[in-house]
Every structure is written in structure tokens, then in C-alpha cells.
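Student: can't give you the sequence, but here's the structure:
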């Protein structure tokens, strides 16, 4: 595994440009500065896919990716092995011109990373920067402004003239090599002053100060000024490339149109899109469409394993397989002695041993390698499982992709109303049980926290308010729902009923208004019917006599 920092970023970029065209697929993983910010709602079983997208979208805006893992896989036909190369990018969002960055840490995330030996100093000291396309456009717009177009107030214009007069006096007396510092108080004033100095003084150059509002001047010879101008152009171009950083890696990956693989991939893809490509769109549908255009073939190993479990239920010989969805556990299980009994088991070679101190989970590079290798091993397992023949044969990568086609472009969702999202069309219907409603037996106000505490005995359920006298409960399975209803029948304080589907379509805040409106309209409607039929009876008897 190769650790990537600013020092070797150019070399790795050139290597990726060569390696990607030969790649079958690549796998990714991220480590973040946080997962749940205070301004984001907590994820729950109540969430629709669109609601979940908007929750995670806010989190992506608030937090920073600290590590980006990328593993490339290709097949060596002569050796009949899959070769993998893993790159572990340390990231740090540097400031550049008008782009100013802040890093927010969630304390639990920092503690988690520390417990897994994450080296945060590598991020701060040499992390690779990144800019998305909107940020690059913002910089281009700023660069397109001519200093003469900057409008200064009368006060700043007077300041400019005073400083130019001081610089003129200094320049007349200074020797070559001497410097003069000017505090300009604003970026606009500094830019305007720098332009005027360059135009008026032929033996003065401007050098970077310790902030954007400071201008340092140095007296030099004409020859030195020419060399300085050329060096500054080269240096500025270098700074711009360094600032774009992983934004260029994103373009390499998306333009390759290779298969993208990951484990529990949705959050990783959101960060990949937001930080390296463009700000996440407001529209959930637009996000799905754009992501599919960037990466037409995506596989989420967490979604695959969840579906395989369902398919294997009717096969007792696989009863104990794939109990855990953890990436590390899956990797261990697929490399176990029992799994090795499958004939023609694929071999994967790796460069992960290159990292000092071995490899650990929750290192983004290593986790990307685990995800890609699990994908290959799962492909072989599933192809063997689906191959109904007494004749055993070796399988190729295309066989894996053919059998996995049903899982393509489906991303797993944790604790949501649906199990996954579909990037190519409509999301699946919910298979979760009907919501439940909890009320007190004396119709008094409900304490949601107390209800959540009472129901926690039945497993991981989610509770939310539904007015003052009731709350709603979302449960993960039919078994939990049925058990909860039966058990709560004898509860001294609370009673539980099923929440009707028609009511669930009406916002809870509006439900009481709807009910009140119905109560008022029913008597009026009845009176209208009585009046109508009386009139009809009167007309009938009038014609009769």
C-alpha cells in the first residue's frame, strides 16, 4: 500500500494515468472528520430515501474527508491471478486564493480514528488538497478581475496614494535586496497596490507576505525582476495544481468508466461527489442521475451480502454463512478454510505489505482493498452457487458481473424505510412493518423519551412525536412489531395500535385539523341529504294528486 501525500502526489497521478486503462474495476473508501453534525437529523427507520439523502448531504457539507483509499484491480491471464494496487491518500483542504476552508471534528469520530492508529499529523503536515469544479470556477472568476476594476472607497484610495508615496521614498534610498512591508487591511487594497507598484516601479518586486492583506516589496535589478516574474508564473501554476489535487484524481476515475466498488457505499459516494466534483444538488433525483452518468456501474458489497442472505435461507448448508455484514468479518469468512473448498478459488495479490507496521481496518486504503477483494470472492461464491451442473469449471470476471447484474447500481441503506436505493430508476417499496402508534391509557400527554426507554427492551426501534398525546414507532421487522403489540397489551400506562396507512400520508401536525374538519362536515352533509330527499318526495306526491 502506498501512502500518498503532497510529496509523491505527482508521481502517483502519473502512475494512475497509466494503470487505470488496464484496470477491471477499482474500489474506494473514506475516513471522515465526523458523521453526524448537530444540525443534521438523526437517521431512523422513518426516513424515506430522499429524506436520508438530505440528511447525509448536510453532513457532507459540514465534515471533511481525511483519508481516501483507492485500490485498482486487473487480471493477469498468464498467472491467473488478480493483481491489486492500493493507494492511501492523506487529505487536507488547503486555503487557496478566495477559497477559505474550515475543518469540523466530531469528538467521537476523532476518538474512533485515534483508537485505530490514525496519523492525523500526516493530514496536517502533507495532506493532498482538493477543489471541486464550482470552487475552480470561483477562482477563475476572481482571476478574471483586472486590478483597475477594483472599486476602492475614498478612504482606501487616500491610503493607496499615501503608501505609494512612502514606497517611492523608500525605493529612492534602498539598496538592492532590502524589503519594505505594507499592511493593506484588505485583499482588494493589497491587489490594487500590487498592481500600481508593478506599473510604477521598475526595480521593485512583490513577494508573498504572511497573509493575504500584507504586501512585501523588495528592490532588485532589472534582470532579477525578469527572472522573478517567470518564477512567479511557474510557482503560481504549481500552487493551483496542488490546490486542485484530488479533484484531478476524480476526473481520472470518472473518465475511465470502470466499475466502482465499495462497502456500504452511499456516504462515500456523497463525499466523493461533494468534495472532488461539485456541490451535491438539492434534488435527490438529480443526484442519482448525475452519479449514474459519472459512474455507470457501481456495486455495493453490503447490499450484495444482504441479498445473498435472503437467497441462501432455503439452503441449510449455508445457514451459518455471512452472519455478519462487517467488512473485516466478510473478508475473514471468504478466506476461511471452509470457503477454500470451493474449486478454482480466485487468487488476489496485493501491495498492502508495503506499508510500515502492517495493515489495520479503518485505514481507508486497506478498507478499499478489503472491499474489492470481498467483491471478487463473493463473485466466485455466487457464480459457483448459481452454476447448476455436475461439471465444475473456472469462472472469469465477466461471469461474476453477469450474475451480479441484479445488484448493479443499488446502494445499501442502513436503518431506513427501504433497504437500498436504485440509481437507475425508482427506489423499491418499503418492506418494513406498518408504523405503530403509542398512547397513554388515560389520554394524557406522552413523554417520547420514556416511551423510547420502555420500547428499547424489544430491540432497536425509532420513536418520534405525533402530537402531544401520542407518538409513532418504526420497527425493523414484522417479528418485532408483533411481539411489541402483544407484550404491550398488558402494560399499565401505554397502549399500542397499528398506525393506518392513510393517516401516515398526512403530516401529523395537520392530522387533527383534518379530523376536526371531517367532524364538522359530516352533520352538514347529512342535513343536505335529508333536505334533498324531502324535496323529491314532495314533488312525487304533487304530480300524483
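Tutor: Structure received. Note that the structure is predicted; figures quoted are calculated from it, not measured. Numbers count the residues shown, from 1 in each chain.
Student: only C-alpha atoms from now on, for both contacts and neighbour counts.
Tutor: Noted.
Student: and the residue nearest to the spatial centre of the chain, what element?
Tutor: The residue lying closest to the centre of the chain (CA atoms, centre = their mean) is residue 270, at 2.7 Å. Using DSSP states H and E, the element containing residue 270 is helix 266-276.
Student: which other helices and strands contact that helix?
Tutor: strand 25-32, helix 49-62, helix 246-256 (3 or more CA pairs under 8 Å, 6 or more residues apart in numbering; DSSP states H and E).
Student: run through the neighbouring helices and strands of whatever helix or strand comes next after it.
Tutor: Using DSSP H and E, the helix or strand that follows helix 266-276 in sequence is helix 284-294. Under the contact criterion of 3+ CA pairs under 8 Å, 6+ apart, helix 284-294 touches helix 49-62.
Student: if we can go back for a sec, report the angle between the helix holding residue 270 and strand 25-32.
Tutor: 80 degrees (axes from the mean of the first three to the mean of the last three CA atoms, to 10 degrees).
Student: between helix 266-276 and helix 284-294, how many degrees?
Tutor: Using the same axes, to 10 degrees: helix 266-276 against helix 284-294 is 80 degrees.
Student: chain center to helix 266-276: distance?
Tutor: Put simply, helix 266-276 sits 4 Å off its chain's centre (CA atoms, centre = their mean, to the nearest Å).
Student: with stretch 32-52 instead?
Tutor: With CA atoms, centre = their mean, you get 11 Å for stretch 32-52.
Student: I'd like the helices and strands packed on helix 266-276 laid out as CSV, including distance to residue 101.
Tutor: What follows is these, written out as CSV (distance: least, CA to CA, whole Å):
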stretch, distance to residue 101
strand 25-32, 15
helix 49-62, 11
helix 246-256, 16
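Student: follow-up on the earlier one: give me the mean pLDDT for the helix holding residue 270.
Tutor: In this model, helix 266-276 has a mean pLDDT of 96.
Student: tell me which residues are up against that helix.
Tutor: 28-30, 56-57, 60-61, 65, 130-133, 246-247, 250, 279-280, 291, 411-413 (CA atoms under 8 Å, 6 or more residues apart in numbering).
Student: among the residues you listed, name the buried ones.
Tutor: Neighbour-count burial (16 or more other CA atoms under 10 Å) applied to those gives 28-30, 56-57, 60, 65, 130-133, 246-247, 250, 279-280, 291, 411-413.
Student: show me what the helix or strand containing residue 304 is packed against.
Tutor: For residue 304, the host element (DSSP H and E) is helix 301-312. Counting contacts by 3+ CA pairs under 8 Å, 6+ apart, helix 301-312 packs against helix 364-386, strand 410-412.
Student: let's go with 10 Å and repeat that
Tutor: strand 259-262, helix 327-334, helix 364-386, strand 410-412 (3 or more CA pairs under 10 Å, 6 or more residues apart in numbering; DSSP states H and E).
Student: from the chain's centre, how far out does that helix sit?
Tutor: 23 Å.
Student: now the angle from that helix to helix 327-334?
Tutor: 50 degrees.
Student: buried residues of helix 301-312, list them for me.
Tutor: 301-306, 312.
Student: and what of stretch 443-456?
Tutor: Applying 16+ other CA under 10 Å to stretch 443-456 flags 446, 448, 451-452, 455 as buried.
Student: stretch 91-101 too?
Tutor: Neighbour-count burial for stretch 91-101 [16+ other CA under 10 Å]: 91-94, 96.
Student: end-to-end on that stretch?
Tutor: 13 Å (CA to CA, to the nearest Å).
Student: name the residues that touch it?
Tutor: 4-6, 31, 64-68, 102-103, 120, 122-131, 135-136, 138-139, 142-143, 187, 212, 239-240, 242-246, 275 (CA atoms under 10 Å, 6 or more residues apart in numbering).
Student: so where's the protein shaky on pLDDT?
Tutor: 143-156, 187-188, 208-212, 225-226, 228-236, 337-342, 352-359, 388-392, 501-545 (pLDDT under 70).
Student: tabulate the helices and strands packed on helix 301-312 in CSV, adding columns for distance to residue 163.
Tutor: Formatted as CSV, the helices and strands packed on helix 301-312 follow (distance: least, CA to CA, whole Å):
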stretch, distance to residue 163
strand 259-262, 57
helix 327-334, 63
helix 364-386, 51
strand 410-412, 60
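Student: residue 481 is nearest to which of these?
Tutor: strand 410-412 (22.8 Å; CA to CA).
Student: shouldn't residue 5 be in contact with residue 68?
Tutor: No. Contact criterion CA atoms under 10 Å: residue 5 and residue 68 do not qualify, at 11.1 Å.
Student: need the overlap of contacts for these two.
Tutor: In contact with both residue 5 and residue 68: 88-91, 128, using CA under 10 Å, 6+ apart.
Student: will you turn those residues into CSV that also has distance to residue 48 and secondary structure?
Tutor: Shown next, in CSV, are those (distance: CA to CA, whole Å; DSSP: H, G, I helix; E, B strand; the rest coil):
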residue, distance to residue 48, secondary structure
88, 34, strand
89, 33, strand
90, 34, strand
91, 32, strand
128, 36, strand
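Student: which one of these is nearest to residue 336?
Tutor: Nearest member of the shared contacts of residue 5 and residue 68 to residue 336, counting by CA to CA, is residue 88, at 26.6 Å.
Student: residue 139: what's it in contact with?
Tutor: 96-99, 133, 240.
Student: among these, which are in helices?
Tutor: Per DSSP state H, helices hold the following members of the contacts of residue 139: 133, 240.
Student: what are the ranges of the strands in the stretch 351-500 of the chain?
Tutor: 410-412, 420-422, 436-440, 462-465, 470-474, 494-498 (DSSP state E, counting those that start in this stretch).
Student: appreciated, that's everything.
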